[in-house]
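In: Just need the structure, nothing else, for what follows:
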Amino acid sequence: MIYQHRLVIARGGKLEQRHLHFQKDAMQALDDHGSKLVGAWEIWIGPDAGCAVWQLREHESLATWEQHRERAMADTALRQGQDKGLYPTLDFVDTAILKLTEFSPGFPGQWPDIDAVRDQPRGIIEQRILSFKPGTVAAHHTFYRDRIMASLERNGATLLGFFDTVIGPGTTNMGSHRSVELRWFPDMTHWQNWREAQDLNAELAQLVKGDWLATIERVDSTVLRPMDYSRIR
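Out: Prediction:
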């Protein structure tokens, strides 16, 4: 599987309009064209908080992703609905294609219908986009897998997925030097306790803030809340 990872920004109070237009004009049609919107999360803490949403859409392969784009572009009703209602609410859209790393937890083979997840409990997701110097990714991933992953599974935190970028920012002919980590928490209190545990536990603090961060060029972190139509919640 591959995943379309998209940032959608709608400033000036237009985000709620965007959510309404997206659900009315695009959401089901895009699923019907051969992909699954598995995640949709509003930024609560981070750049463009309250003005942006991250989406994660699942495709079987790069080939089916391209077929999906072609079908969507040929869908006159979908295109007209977006032109009239959805696009006027948007300020910026940025897209990358990701794949799960070999050490990442896997995603379900089947996803529930969107109507089946509405009104179900929602947690909190921390998204970290990790940037590396070219040629350092393999060493980082080995250290993360062997020393970091298990240490961070505490205080209600659950690693949802760890991705490398296939197409988009941070890619070269030799591969990816940009990864995305998604971690789930039951609520903001659990997230705060998890963060504080990294300061209070000297061994964990050394692993996370010392040896691990030393392998990373840059970290961009946001705290996200799932939309009511998000399958990952």
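In: which stretches of this structure form strands?
Out: Listed in chain order, the strands found in the chain under DSSP state E are 2-9, 36-45, 52-59, 92-100, 124-131, 158-167, 171-172, 175-176, 178-185, 218-226.
In: partner strands of the second one, parallel or antiparallel?
Out: Applying DSSP bridges, strand 36-45 is found paired with strand 52-59 (antiparallel), strand 218-226 (antiparallel).
In: most tightly surrounded among those strands?
Out: For the strands paired with strand 36-45, the largest average neighbour count (mean count of other CB atoms under 10 Å) is found in strand 52-59, namely a mean of 22. For glycine as for every other residue, the C-beta is placed from the backbone atoms N, C-alpha and C.
In: That one to strand 158-167, inter-axis angle?
Out: 80 degrees (axes from the mean of the first three to the mean of the last three CA atoms, to 10 degrees).
In: State the mean pLDDT of strand 52-59.
Out: Across strand 52-59, pLDDT averages out at 96.
In: That strand to strand 2-9, inter-axis angle?
Out: 160 degrees.
In: So which elements touch the least confident helix or strand in the chain by mean pLDDT?
Out: Using mean pLDDT, DSSP states H and E, the weakest-scoring helix or strand in the chain turns out to be helix 76-81, at a mean of 72. On a contact count with 3 or more CB pairs under 8 Å, 6 or more residues apart in numbering; DSSP states H and E, helix 76-81 meets helix 15-25, helix 27-32, helix 62-74.
In: looking at those, which has the lowest confidence?
Out: helix 27-32 (a mean of 80).
In: From the chain's centroid, how far away is that one?
Out: Averaging C-alpha positions (CA atoms, centre = their mean, to the nearest Å) puts helix 27-32 19 Å from its chain's average.
In: Residue most distant from the centroid, this protein?
Out: residue 202 (29.9 Å; CA atoms, centre = their mean).
In: State the distance from it to residue 219.
Out: Counting by CB to CB, to the nearest Å, the gap from residue 202 to residue 219 is 21 Å.
In: Show me how the record splits the chain into domains.
Out: 2-97, 124-225 (automatic domain parsing).
In: Residue 113 is nearest to which of these?
Out: The stretch from those with the least distance to residue 113 (CB to CB) is domain 2-97; that distance is 9.2 Å.
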